[in-house]
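Chemist: sequence unknown, structure follows:
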DNA sequence: CACGGTTGTTACATCCTTGTTACCCCTGAA
DNA sequence: TTCAGGGGTAACAAGGATGTAACAACCGTG
C-alpha cells in the first residue's frame, strides 16, 4: 500500500538524473530502487513489489516502449510515469496510448516530477480497488460475481467481458483509456487502426446497466478522440 | 529553472563578439556555453539543458534559419534570441515568424543585449509553463485531457487543435504570435500571404470557451496587425 | 431441439470538430 | 471626414467520431 512508504523503481541510464531523482524520492519518504539498463529494470520491476515505476524512454538494453508494454502485460495496475527526452508530441500520444499513467518531458524540475508522482499515487490510492468491489457514483460492483448493487436497493448483473472492462477502467480511474488500449488489454488483440465498434457497444451496454447517461456521465465519461474514462465516486461531479 | 543561474548557449562564429558576449553573460550570473559552428551549436543545444540560446544568423556549418527551425521543432519552449548582422527588415520579420523570441541587430551594445536577455528570461519565468497545466486569468487548462477548470468551479473542454494553439501561445506568453507563425507551427503549413480566417475562427472559439472578451481581453489579446498574444495570469491587466 | 444470455458486427443517426465564406464593425492613415 | 484593410463571428459544409438499434453467431442448458 502506497499509503505509508511507496516503493518506487527508477529506470534511467543518465547517472546524474537518476541520482537526483532517487534523492528526491527518498527525501519525500519513498523507498527507491534504481537501475541503469532497460532489461535489468524490467526484471526488477516484475520481481519486486513496487508501487510506482519511473521509466526513461531512451535506454541501453531494450527500448522504453517494449519495457512499458511488458510491464503492462504482466502488471496492468502498476503505475508507470514515463520520462521522455524529446518533446515530440508523437511520443506523448504513443506513451499514453500504451498505458503510461503520466509523462514528464525532460528537462524537468524535481519539483514538477514529484508533483506528478504524488498525483499518480493519490489517484491510485483513491481508486476504488478495494478487494473485489468497485465503487462508482450510485452503487458498487462485486468483480467476483458481477453483481451490481445500487444505493437505492436495486441490482443488476454484469457479464464476464463487462466485468473485465470495469476492472481495467476502474484501476485507471480519472485517466482516458483508448479503445486500442482496451482491445489490447481486455481482448488481447493488437489492432492497427481499429475499425470495429465492439468497444463502444460494450460501453453502451455497461452504461445502460449502470444507469449512466453518456451526455451527462457519472461513471463512464467519453473523452473525445481519446477514449473512455472511469470516474471515481468523488470526481463524478465537475 | 532560470531563476538562479541561467544556462545560456552562444552560437556565434566571430571570436571577438563571442568572447564579449560570454563575458557579459558570466558577469550577469549566467553559466554560458559557446560554439563557433552551427552544426555544433545545434547538437549542443538539443543535448544540453539550456535556458536560453543566442544565435547568430550567419554561420559556418548550417544556416541560422535551419538551426532556429530545428531548435523550434525539438524544443518549442526554449527561448532563442537571434543576432542578425544585416539590419534588413526581411530578416527581422522572418526571424520572429520562425519563432525567435527576440532579435538584436549588429552592431549591438552589450548593455542592449543583456537587456533583451533579461526581458526574455523574465517573460519565460513568468509564463505558466508548469508541466501539463496552463494557468490563465480565471482558471487553468490541463493540456493532457483538454479540461478547463475555472476558478468559480465551472468547467469546459477544449478540442485537440485548441489545446495545441493554447500550448503554443502560452509558452510564448506576452509575445505577439502572428497568424503565419501559428499556421506554420500548429498546422504545419507554410502560407505565402495567408488568405484564410481559420486562425481567427479558432481564437474566437477559444475565447468563447475561456470566457474571454476580445474588447477587454484577460487571456488572449489581439495585437493589431501582428497577431495574438497570450496574457500570463499576472499581466492580464495592462 | 428450442431457449435465453453473451458477444461481435453492421448500419444509420447524430454530434463534434474543423475549415471556409460572407457580412459587418473597427482601426488607423490621409 | 473618408477609405482600405484588419478583425470578430454567424452560418454553412465536410469529414470523422460516437451512440445505439438491429441483427447474427455462438454457447450452454433444459
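Modeler: Structure received. Here the structure is a predicted model, which means the values were calculated and not measured. Numbers count the residues shown, from 1 in each chain, chains lettered A, B, ... in the order given.
Chemist: quick one, phi/psi of the closest residue in space to residue A:150 that isn't next to it in sequence?
Modeler: Leaving aside its sequence neighbours, residue A:150 sits nearest to residue A:139 (C-beta to C-beta, 6 or more residues apart in numbering or on different chains; 3.9 Å). All C-beta atoms are positioned from the backbone trio N, CA, C, and that covers glycine. Phi and psi for residue A:139, reported as degrees, to the nearest 10, are phi 170, psi -160.
Chemist: dump the residue contacts of residue A:139.
Modeler: A:148-151, A:210 (C-beta atoms under 8 Å, 6 or more residues apart in numbering or on different chains).
Chemist: tell me which of those residues is nearest to residue A:52?
Modeler: Distance to residue A:52, by C-beta to C-beta, is smallest for residue A:210 among these, at 29.8 Å.
Chemist: What count of nearby residues applies to that closest one?
Modeler: Each residue near residue A:210 was counted by other C-beta atoms under 10 Å in any protein chain shown, and the total is 23.
Chemist: my read: it touches residue A:230, true?
Modeler: No: with contact defined as C-beta atoms under 8 Å, residue A:210 does not reach residue A:230; the gap is 10.6 Å.
Chemist: joint contacts of the two?
Modeler: Joint contacts of residue A:210 and residue A:230 (C-beta under 8 Å, 6+ apart) are A:136, A:219-220.
Chemist: tell me the secondary structure for residue A:229?
Modeler: Under DSSP: H, G, I helix; E, B strand; the rest coil, the three-state class of residue A:229 is strand.
Chemist: Name whatever forms a beta bridge with it.
Modeler: residue A:221 (DSSP bridges).
Chemist: ok so, going back, can I get the buried ones among the contacts of residue A:139 as something I can paste into PyMOL?
Modeler: Selection of buried members from the contacts of residue A:139 for PyMOL, criterion 16 or more other C-beta atoms under 10 Å in any protein chain shown:
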select buried, chain A and resi 148+210
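Chemist: Which ones among the contacts of residue A:139 lie within helices?
Modeler: Among those, DSSP state H puts residue A:210 in helices.
Chemist: Out of the contacts of residue A:139, which is nearest to DNA strand C?
Modeler: Of all these, DNA strand C sits closest to residue A:148, with 11.5 Å by C-beta to the nearest atom of the strand.
Chemist: Could you find the closest non-adjacent residue to the closest one?
Modeler: residue A:156 (4.2 Å).
Chemist: now the helix or strand the one you found falls within: how far from the chain's centre is it?
Modeler: Assigned by DSSP states H and E, residue A:156 belongs to strand A:155-157. Strand A:155-157 sits 27 Å away from the centroid of its parent chain (C-alpha atoms, centre = their mean, to the nearest Å).
Chemist: And for stretch A:39-52?
Modeler: With C-alpha atoms, centre = their mean, you get 16 Å for stretch A:39-52.
Chemist: residues making contact with that stretch?
Modeler: Taking C-beta under 8 Å, 6+ apart as the rule, stretch A:39-52 contacts A:1-2, A:6-9, A:11, A:33, A:35, A:53, A:55, A:59, A:61-62, A:67, A:70-71, A:74-75, A:78-81, A:117, A:120-121, A:124.
Chemist: what about 6 Å?
Modeler: For stretch A:39-52, the external contacting residues (C-beta atoms under 6 Å, 6 or more residues apart in numbering or on different chains) are A:2, A:6-9, A:11, A:35, A:53, A:61-62, A:67, A:70-71, A:74, A:79.
Chemist: does the most far-flung residue of chain A relative to its centre count as helix, strand or coil?
Modeler: Distance from the C-alpha centroid of chain A peaks at residue A:153, with 31.2 Å (C-alpha atoms, centre = their mean). Assigned with three-state DSSP, residue A:153 falls in the coil class.
Chemist: any idea how far it lies from DNA strand D?
Modeler: Distance from residue A:153 to DNA strand D, counting by C-beta to the nearest atom of the strand, to the nearest Å: 25 Å.
Chemist: wait, doesn't residue A:137 sit right on residue A:220?
Modeler: No: counting by C-beta atoms under 6 Å, residue A:137 does not reach residue A:220; the two are 10.3 Å apart.
Chemist: Which one's more surrounded, these two?
Modeler: residue A:220 (21 against 18).
Chemist: what's the more buried one in contact with, if anything?
Modeler: A:207, A:212, A:228.
Chemist: one more time with 7 Å
Modeler: With contacts defined as C-beta atoms under 7 Å, 6 or more residues apart in numbering or on different chains, residue A:220 is in contact with A:203, A:206-207, A:212, A:228, A:230.
Chemist: for those residues, which one is nearest chain B?
Modeler: residue A:228 (12.4 Å; C-beta to the nearest C-beta).
Chemist: What count of nearby residues applies to that closest one?
Modeler: 24.
Chemist: The strand holding residue A:156 - contacts with which helices or strands?
Modeler: strand A:147-150 (3 or more C-beta pairs under 7 Å, 6 or more residues apart in numbering or on different chains; DSSP states H and E).
Chemist: What mean pLDDT does the strand it packs on get?
Modeler: In this model, strand A:147-150 has a mean pLDDT of 93.
Chemist: if we can go back for a sec, need the pLDDT of the residue farthest from the centre of chain A.
Modeler: Per-residue pLDDT puts residue A:153 at 90.
Chemist: now swap in residue A:126 and tell me
Modeler: Looking at residue A:126, its pLDDT reads 65.
Chemist: And residue A:192, by the same measure?
Modeler: In this model, residue A:192 carries a pLDDT of 67.
Chemist: swap in residue A:139?
Modeler: The model reports residue A:139 with a pLDDT of 92.
Chemist: how far away is it from residue A:77?
Modeler: 22 Å (C-beta to C-beta, to the nearest Å).
Chemist: Count the residues that sit near the residue lying closest to residue A:172 once chain neighbours are set aside.
Modeler: The spatial neighbour of residue A:172 that comes closest, neighbours along the chain excluded (C-beta to C-beta, 6+ apart), is residue A:230 at 6.8 Å. Residues lying near residue A:230 (other C-beta under 10 Å) number 26.
Chemist: What residues does chain A have near DNA strand C?
Modeler: In this structure, chain A approaches DNA strand C at residues A:157, A:159-162, A:187, A:196-198, A:201-202, A:205, A:224-225, judged by C-beta under 7 Å from any atom of the strand.
Chemist: show me where pLDDT drops low in chain A?
Modeler: A:1-3, A:16, A:85-98, A:106-109, A:111, A:126-131, A:191-194, A:234-238 (pLDDT under 70).
Chemist: which residues in it form strands?
Modeler: Applying DSSP state E to chain A gives strands spanning A:7-11, A:31-35, A:52-56, A:80-84, A:102-105, A:133-136, A:139-142, A:147-150, A:155-157, A:220-223, A:227-230.
Chemist: Could you tell me the angle between the third one and strand A:7-11?
Modeler: For strand A:52-56 against strand A:7-11, the angle between stretch directions is 10 degrees (axes from the mean of the first three to the mean of the last three C-alpha atoms, to 10 degrees).
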